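Trainee: quick one, structure for this:
(2 chains)
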Protein chains: 2
Amino acid sequence: MTARDEVLRRVREALGGSRGARPPVPRGYARRLPEAEAATRADVLALFTERVADNRAAVRHVGADELGTAVAAALWGREAKQIVVPADLPYGWLAELDGVRALADTPALDADALAAADGAVTGCAVAIAQTGTVVLDGGRAQGRRALTLVPGYHLCVVHADQIVGTVPEAVSRLDPARPLTWISGPSATHGIELRRVEGVHGPLQLEILVVED
Amino acid sequence: MTARDEVLRRVREALGGSRGARPPVPRGYARRLPEAEAATRADVLALFTERVADNRAAVRHVGADELGTAVAAALWGREAKQIVVPADLPYGWLAELDGVRALADTPALDADALAAADGAVTGCAVAIAQTGTVVLDGGRAQGRRALTLVPGYHLCVVHADQIVGTVPEAVSRLDPARPLTWISGPSATHGIELRRVEGVHGPLQLEILVVED
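Mentor: Purely as a prediction, here's the structure:
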């Protein structure tokens, strides 16, 4: 018996009869928004907007026809000169970008290019009204994690039909095997001397465009 | 009884017992390429390439990483200044377009804008090796029909996995309820004095980029 076998034998022995048994999972939490808060879709959108703003992110509503202009205006307002985007971002989102250079992440941009960018523009997989969260899963128009975590500014486009009420509703739409990034406002940590510090693990500034069709 | 009822009554009477009966459909045609022509995927790609060229369209193979450059090079080669694209075209396809302005078709471009464009860039739904055909169905990265039928030049991006061997294989991948456009080389008609005239009902020039991943 090798040392490895011996260690594994002891682990199995210690686990004993409970091995494989699934402890009960409490499911008493609220799965949906209270009826009063979510009587209509407009209520859910309003809640999302309010909570995103609470999270110190900027949020704006735009019509589908205005999206290209709104993206350009957001970048012009920050005097962005160069941004990074996933290669499969819909072209229409960037169609009005006079004077801003968008680098597609294919082939994969190196760390210097990401760090030098004035921002990243992506979509999302799902958004949560109750917490003002956007969730990225690396799927369409979202790109890899480095794309949105390295640049200091993240402009995220959320279609109204991607907004659900609660975290459980969001989880039910997501695939746990995908690389999920949950974003509730600008990156912030209290891990440094218990003081809130923003922008350490991700963008210092988050801006969300809600597209209403 | 109105005149309409009377006409319908006579039609029903004339149809008689055969109404609703489905005549047998002969299915003796070849559904797949002969084994000798399609032993490997490379054979199918080679056949597609050859048939596209037979159809008097230009065709080139590019790696996924080179697509942005290949699209730009094709447009520069034609001295295109302004093109039209569906709003959901992946941004990476146009990321290298220095000096060419791409108009996204949202809100819908008017006829003058389409006619003034030096070309259109789209993807496709499926492509057929045996006939050198690309089929558009108005789905992702394809846009509405006017977008590819009005400008005089159409650059179509085909991913290798979109290429099937035969027409029956293509039909089985398509939804007959969608607006399908089947494109085998530049637009051509013999409807005018039985002489072949190109570019009457669609682009005079067709160029295809086959992306091999």
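
Trainee: specify the local secondary structure of the residue minimising distance to the centre of chain A.
Mentor: Nearest to the centroid of the C-alpha atoms of chain A, with distances taken as C-alpha atoms, centre = their mean, sits residue A:135, at 3.5 Å. Judged by DSSP: H, G, I helix; E, B strand; the rest coil, the three-state class of residue A:135 is strand.

Trainee: okay, now the residue nearest to residue A:152 when sequence neighbours are not counted: neighbour count?
Mentor: On the basis of C-beta to C-beta, 6 or more residues apart in numbering or on different chains, the spatially nearest residue to residue A:152 that is not a chain neighbour turns out to be residue A:204, at 4.9 Å. For every residue, glycine as well, the C-beta is placed using N, CA and C. Other residues lying near residue A:204 total 14 when counted by other C-beta atoms under 10 Å in any protein chain shown.

Trainee: touching, the residue nearest to the centre of chain A and residue A:125? I think so.
Mentor: Yes. Taking C-beta atoms under 8 Å as the definition, residue A:135 is a contact partner of residue A:125 at 5.3 Å.

Trainee: what residues does the least confident helix or strand in chain A by mean pLDDT touch?
Mentor: Within chain A, confidence by mean pLDDT, DSSP states H and E is lowest for strand A:188-192 among all helices and strands, at a mean of 77. Contacts with strand A:188-192, where a contact means C-beta atoms under 8 Å, 6 or more residues apart in numbering or on different chains, come from A:196, A:197, A:198, A:199, A:200, A:201.

Trainee: switch to 6 Å and redo it
Mentor: A:196, A:197, A:198, A:200 (C-beta atoms under 6 Å, 6 or more residues apart in numbering or on different chains).

Trainee: okay, helices next: where are they in chain A?
Mentor: Secondary structure of chain A (DSSP state H): helices at A:3-15, A:41-54, A:67-77, A:111-116, A:145-149, A:167-173.

Trainee: residues contacting the third one, please?
Mentor: What that stands for is helix A:67-77. Against helix A:67-77 from outside (C-beta under 6 Å, 6+ apart): A:62, A:92, A:93, A:95, A:96, A:97, A:100, A:155, A:207, A:209, A:211.

Trainee: of the residues you listed, closest to residue B:22?
Mentor: Distances from the contacts of helix A:67-77 to residue B:22 were compared by C-beta to C-beta; the smallest belongs to residue A:92, at 44.0 Å.

Trainee: give me the neighbour count for the residue lying closest to that closest one once chain neighbours are set aside.
Mentor: Using C-beta to C-beta, 6+ apart and skipping residues adjacent in sequence, the residue nearest residue A:92 is residue B:87, 2.9 Å away. Using other C-beta under 10 Å, the number of residues around residue B:87 comes to 21.

Trainee: distance check, residue B:87 against residue A:168.
Mentor: In this structure, residue B:87 lies at 33 Å from residue A:168, with C-beta to C-beta, to the nearest Å as the measure.

Trainee: again with residue A:113
Mentor: Counting by C-beta to C-beta, the separation of residue A:113 from residue A:168 is 38 Å.

Trainee: low-scoring pLDDT stretches of chain A, where are they?
Mentor: Segments of chain A classed as low confidence (criterion: pLDDT under 70) are A:17-20.

Trainee: mind redoing it with 90?
Mentor: Scanning chain A with the threshold set as pLDDT under 90 gives A:1-2, A:11-30, A:35-39, A:54-56, A:98, A:107, A:185-204, A:213.

Trainee: what parts of it come near chain B?
Mentor: Residues of chain A lying near chain B by C-beta under 6 Å from any C-beta of the partner chain: A:65, A:85, A:87-92, A:94-95, A:104, A:106-107.

Trainee: and the two most separated of those residues?
Mentor: A:65 and A:107 (33.0 Å).

Trainee: coming back round to it: from the contacts of strand A:188-192, which ones fall inside strands?
Mentor: Secondary-structure check on these using DSSP state E: residues within strands are A:196, A:197, A:198.

Trainee: any idea which of those residues has the most stuff around it?
Mentor: Highest neighbour count within the ones in strands among the contacts of strand A:188-192: residue A:198, with 15 neighbours (other C-beta under 10 Å).

Trainee: who does that residue form a beta bridge with?
Mentor: Beta bridges link residue A:198 to residue A:188, judged by DSSP bridges.

Trainee: if I pick it, what's in contact with it?
Mentor: Contact criterion C-beta under 6 Å, 6+ apart gives A:186, A:188, A:204 as the residues in contact with residue A:198.

Trainee: can you put those in CSV and add distance to residue B:182?
Mentor: Below are the contacts of residue A:198 laid out as CSV (distance: C-beta to C-beta, whole Å):
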residue, distance to residue B:182
A:186, 50
A:188, 54
A:204, 51
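
Trainee: with those in mind, which one is nearest to residue A:53?
Mentor: residue A:186 (12.3 Å).

Trainee: the closest one contacts residue A:206, doesn't it?
Mentor: Yes. Under the criterion of C-beta atoms under 6 Å, residue A:186 makes contact with residue A:206 at 5.0 Å.

Trainee: who has more neighbours out of those two?
Mentor: Counting neighbours by other C-beta under 10 Å for residue A:186 and for residue A:206 shows that residue A:206 has the greater number, 23 against 20.

Trainee: circling back to that earlier point, relative to residue A:175, how far out is the residue nearest to the centre of chain A?
Mentor: The span separating residue A:135 from residue A:175 equals 11 Å under the rule C-beta to C-beta.
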